[in-house]
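Student: Kindly return the folded structure for what I paste below:
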Amino acid sequence: MVLYRTGRASGTMSDHWCNPHCPSQHNRQTRSRPVTKSNVHDPIEMPVPSIVPPDLRQFTTPWRAFVIVAGSSFSTLVLELVMGRVLAPAIGVSLYTWTAVIGVVLGGIALGNDIGGRLARRLNPGPILEWALLGSAVWTLAIAGIAQVFSIDDLAMGLPPLVRLMVLVTACGFLPCILLGTTGPLVTHQLMATRDLNDAGPVVGRLNAVGTAGSIVGAFGTGFVFVPLFGTRTTLALVAVTLTMLGLASNPSSGRRSVRTGITVGLWAVAAWVVVSASFTHVIEVNAASRRLSGGRDRMASSPCLVESAYSCIRIDWSSVGQDDFGTMRLDRAIQGRTAPDAPRLLLSPISQALGDMIVSAGITSAGWADADPTPRPLHALFIGGGSYTLPRYLEAIAPGSRIDVIELDPDVTAVAMRWLGVRLGGPVNALPTDGDRSGIIAHHADARQTIRRLPDAYYDVVIGDAFSDFAVPWHLTTVEFTREVHRVLRPDGRYAVNVIDGWPGGRFLPAFMHSLEVVFPEADVLATAVPGMEEYDLLQNWVATAGSVAIDANRLASQVRPGLSDGRTGTEPSRGRLVARDVRPEERERNDTWAEAPPWRPVARRVPALTDDRAPVDWYLASRVTG
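Tutor: Have a look, this model is predicted:
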């Protein structure tokens, strides 16, 4: 049976639901006629086919429709943002990550819109709407578990990185976005069953406005309230509870009370378990780290966040070297440093050792350090990126009295480093050199571009950039404009050294960054961290891009020693960095262990445009590492 909503377009519309063969209506063709080719453009009569009779209409008043549309849009935006955070330990945070998340979410919504529109014409929308919202609630609770399997168990690690990225994002977010995408057409169809056709524009416009408002609340709420205060898993549980309540409200005429009650109780019980387990896991992590501080040897296995900040999931994995415990700090999936809280002079990773060589080189040039000097003169140093604070603590240990400014965007990273990694601040946060003569580590919790503008001219002996990770590179810290600010705060004989992760030969980010340095500084060089003849270069090689008023001398660098730790005592370590040739020169053809085996970089750097605020395609240059 096909039901018709009949009436005139002039405004005297009346709702009448009947069979086309109803005698009282069938004889009045101007009142009720099926749509045919002969009358489809009739300005007097436009009958509207429908299968929503009055006894099945769910939204006799618009407020329930508005609540469901706003709630589903709110939940979609929360899922989109939280999904990127939940998957970060497995796939990192980069332009490609958010491109995949946004694309999958929009694709799911588009497919859901189409499916919802088709189902609304064929079936009673009420039960469909109910099960769509309840199904999205179930999958929302499953997202945290799916992400945990992929990140902790390294599932699908054999796939190319970009393919694995799409697999993870699709597995987590595609289905719930399809289900949530069906709500708009279903609600619109039911609401229009009680309205005149002339009201279509205002009704649809108001529904879109309410949905957009819900999305805005979800976006701001997730970033500023839910994730910082509750964490990602608790936020997912709250979204699941919200969707469950919307599902119950969407089909109040349903007679399956026992089934609905069972599903509701089950979903809320799972949501409560997710919240409790998230809190319990955090307590275990904190207690394990606290026991280590008390002298225990507890080692934390791979686990969720120790602290979930507004920027990243912060973890510390513990191990030991001889008698010294050391912690590896991770922000999402990226390693930010390894440090031994009780042995600050111990540099464990090759990149920290090579950057330590640059600190010593700056000390020799600017402060007259001598090899194996037990009491070198203090330096003024600026570190862009704190992480585990390995190098600031190293400089503080080898040259007491140094002024060490550290720009770290995330205050929670500094708090974790202070609580578990032995960091001690020497003054108030954000204290500038002009505020008073202070020594020790001074943390600045702001973006580096903003902070460096407030620093005095020609103040620092060395600036160390360690804010780049393997998948996430803040492009605005790579440009010529930012490099000019670094040059401004350096003393004339100061040195700038940056940790760059790229493939060479073959990569384009390292040559582009070196070209940017050459635009500003008189001299620029590249140091390799791989031991010549022993370690091969690969796509994830660490390089030190350095610049200053004088070039690095390969022989002097190779013979330079670095204050370190030997058998539990203070001592010296050989330099780690090896100079990469700039150009092909006859005298450089004979190589030994004083030179890196990598090919010259300048011929390629001169062909790659320098990075500027107007154009810095850093993510594109790094695409080879993501696409595999």
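Student: what's the span of stretch 115-135 from first residue to last?
Tutor: 15 Å (CA to CA, to the nearest Å).
Student: Show me which residues of it are buried.
Tutor: For stretch 115-135, the neighbour count (16 or more other CB atoms under 10 Å) marks 115-116, 119-120, 124-135 as buried. Glycine gets a C-beta too; all of them are placed from N, C-alpha and C.
Student: next one: stretch 316-327
Tutor: 316-318, 325-327.
Student: Could you list which of those residues belong to helices?
Tutor: Taking DSSP state H, every one of those sits outside helices.
Student: Out of those residues, which comes closest to residue 528?
Tutor: Nearest to residue 528 among those, counting by CB to CB, is residue 326 at 24.1 Å.
Student: residue contacts, the closest one?
Tutor: 318-320, 338-341, 343, 346, 348 (CB atoms under 8 Å, 6 or more residues apart in numbering).
Student: What subset of those residues is buried?
Tutor: The neighbour count (16+ other CB under 10 Å) marks 318, 338-341, 343, 346, 348 as buried among the contacts of residue 326.
Student: and of these, the nearest to residue 305?
Tutor: Residue 305 has its nearest neighbour among the buried ones among the contacts of residue 326 in residue 318, at 15.4 Å by CB to CB.
Student: and the gap between that closest one and residue 420?
Tutor: Separation of residue 318 from residue 420 (CB to CB, to the nearest Å): 9 Å.
Student: wouldn't residue 248 be in contact with residue 129 here?
Tutor: No. Judged on CB atoms under 8 Å, residue 248 makes no contact with residue 129 at a distance of 10.9 Å.
Student: Residue 438 and residue 579, how far apart?
Tutor: Counting by CB to CB, the gap from residue 438 to residue 579 is 35 Å.
Student: Kindly apply the preceding question to residue 118 instead.
Tutor: The gap separating residue 118 from residue 579 is 66 Å, by CB to CB.
Student: what's the answer for residue 345, then?
Tutor: To residue 579, residue 345 is 25 Å away according to CB to CB.
Student: Comparing the two, which residue is more hemmed in?
Tutor: Neighbours were counted for residue 345 and for residue 579 using other CB atoms under 10 Å; residue 579 has more, 24 against 20.
Student: Provide a list of residues in contact with the more buried one.
Tutor: Listed by CB under 8 Å, 6+ apart, the contact partners of residue 579 are 525-528, 552, 554, 557, 594-596.
Student: Surely residue 243 is in contact with residue 136?
Tutor: Yes. Between residue 243 and residue 136 there is a contact at 5.3 Å, judged by CB under 8 Å.
Student: Residues that sit against both of the two, list them.
Tutor: Going by CB under 8 Å, 6+ apart, residues that sit against residue 243 and also against residue 136 are residue 75.
Student: could you pull out the strands for the stretch 501-628 of the chain?
Tutor: Applying DSSP state E, counting those that start in this stretch to the stretch 501-628 of the chain gives strands spanning 523-528, 542-548, 561-566, 569-574, 578-580.
Student: Strand partners (parallel or antiparallel) of the first one?
Tutor: Listed by DSSP bridges, the sheet partners of strand 523-528 and their directions read strand 542-548 (antiparallel), strand 578-580 (antiparallel).
Student: Return the most buried member of these.
Tutor: strand 542-548 (a mean of 26; mean count of other CB atoms under 10 Å).
Student: tally of neighbours for residue 503?
Tutor: Residue 503: 18 neighbours (other CB under 10 Å).
Student: which phi and psi does it have?
Tutor: Residue 503 adopts backbone torsions of phi -90, psi 130, taken as degrees, to the nearest 10.
Student: so how far is residue 426 from it?
Tutor: Counting by CB to CB, the gap from residue 503 to residue 426 is 39 Å.
Student: what do you get for residue 232?
Tutor: For residue 232 relative to residue 426 (CB to CB), the value is 34 Å.
Student: Residue 211 now?
Tutor: Per CB to CB, residue 211 is found 51 Å from residue 426.
Student: of those two, who's got more company?
Tutor: The neighbour count for residue 211 versus residue 426, taken as other CB under 10 Å, is higher for residue 211 (22 against 16).
Student: Which SSE is immediately downstream of the host helix or strand of that one?
Tutor: Assigned by DSSP states H and E, residue 211 belongs to helix 200-221. Next helix or strand after helix 200-221 toward the C-terminus (DSSP H and E): helix 227-230.
Student: Show me what counts as buried in the first helix or strand past that following helix going along the chain.
Tutor: Later in the chain than helix 227-230, the nearest helix or strand by DSSP H and E is helix 232-250. Within helix 232-250, the residues scored as buried using 16+ other CB under 10 Å are 232-250.
Student: same thing with stretch 218-237?
Tutor: Judged by neighbour count (16+ other CB under 10 Å), stretch 218-237 contains these buried residues: 218, 221-222, 226-227, 230-237.
Student: again with stretch 435-455
Tutor: Buried, per 16+ other CB under 10 Å, within stretch 435-455: 438-439, 441-446, 448-449, 451-452, 455.
Student: For the nearest residue in space to residue 476 that is not next to it in sequence, give its distance to residue 405.
Tutor: Closest residue to residue 476 apart from its sequence neighbours, by CB to CB, 6 or more residues apart in numbering: residue 449 at 5.7 Å. Distance, residue 449 to residue 405, by CB to CB: 15 Å.
Student: again, but for residue 610
Tutor: In terms of CB to CB, residue 610 sits 27 Å off from residue 405.
Student: Same drill for these two, tell me which one is more crowded.
Tutor: Neighbour totals were compared for residue 610 and residue 405, and residue 405 leads with 27 against 22 (other CB under 10 Å).
Student: what comes into contact with whichever strand or helix holds that one?
Tutor: Counting by DSSP H and E, the element that carries residue 405 is strand 403-407. Contact with strand 403-407 is made by 378-386, 389, 392, 395-396, 414, 426, 433, 438-444, 446, 448, 451-452, 455, 460, as judged by CB under 8 Å, 6+ apart.
Student: how does it look with 7 Å?
Tutor: For strand 403-407, the external contacting residues (CB atoms under 7 Å, 6 or more residues apart in numbering) are 380-384, 386, 389, 392, 395-396, 433, 438-444, 446, 448, 451.
Student: Repeat that for stretch 70-86.
Tutor: Under the criterion CB under 7 Å, 6+ apart, residues 97-98, 101, 105, 109, 140, 143-144, 147, 172-173, 176-177, 180, 183, 210-211, 213-215, 217-219, 222-223, 226-227, 232, 235-236, 239, 242-243, 246 lie in contact with stretch 70-86.
Student: Can you pull out the low-pLDDT segments for the stretch 401-550 of the chain?
Tutor: Residues of the stretch 401-550 of the chain meeting the criterion pLDDT under 70: 470-471, 531-540.
Student: For it, which segments count as helices?
Tutor: Per DSSP state H, counting those that start in this stretch, the stretch 401-550 of the chain has helices spanning 411-420, 448-452, 480-489, 509-520. These are given in chain order.
Student: Can you tell me which of those helices is packed in deepest?
Tutor: Note that of these, helix 509-520 is the most buried (mean count of other CB under 10 Å), with a mean of 24.
Student: residues making contact with that helix?
Tutor: Residues from elsewhere that reach helix 509-520 (CB under 7 Å, 6+ apart): 478-480, 483-484, 487, 500, 502, 504, 524, 526, 543, 545, 547, 601, 604-606, 608-611, 618, 621-622.
Student: In a markdown table: the strands paired with strand 523-528, plus distance to residue 197.
Tutor: Output for those, formatted as a markdown table (distance: least, CB to CB, whole Å):
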| stretch | distance to residue 197 |
| --- | --- |
| strand 542-548 | 66 |
| strand 578-580 | 73 |
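Student: Looking at the ones you listed, which is nearest to residue 493?
Tutor: Nearest to residue 493, of all those, is strand 542-548, at 7.3 Å by CB to CB.
Student: ok, and what's touching that closest one?
Tutor: For strand 542-548, using CB under 7 Å, 6+ apart, the contacting residues are 350-351, 354-355, 358, 494-502, 504, 510, 513-514, 517, 521, 523-529, 552, 577.
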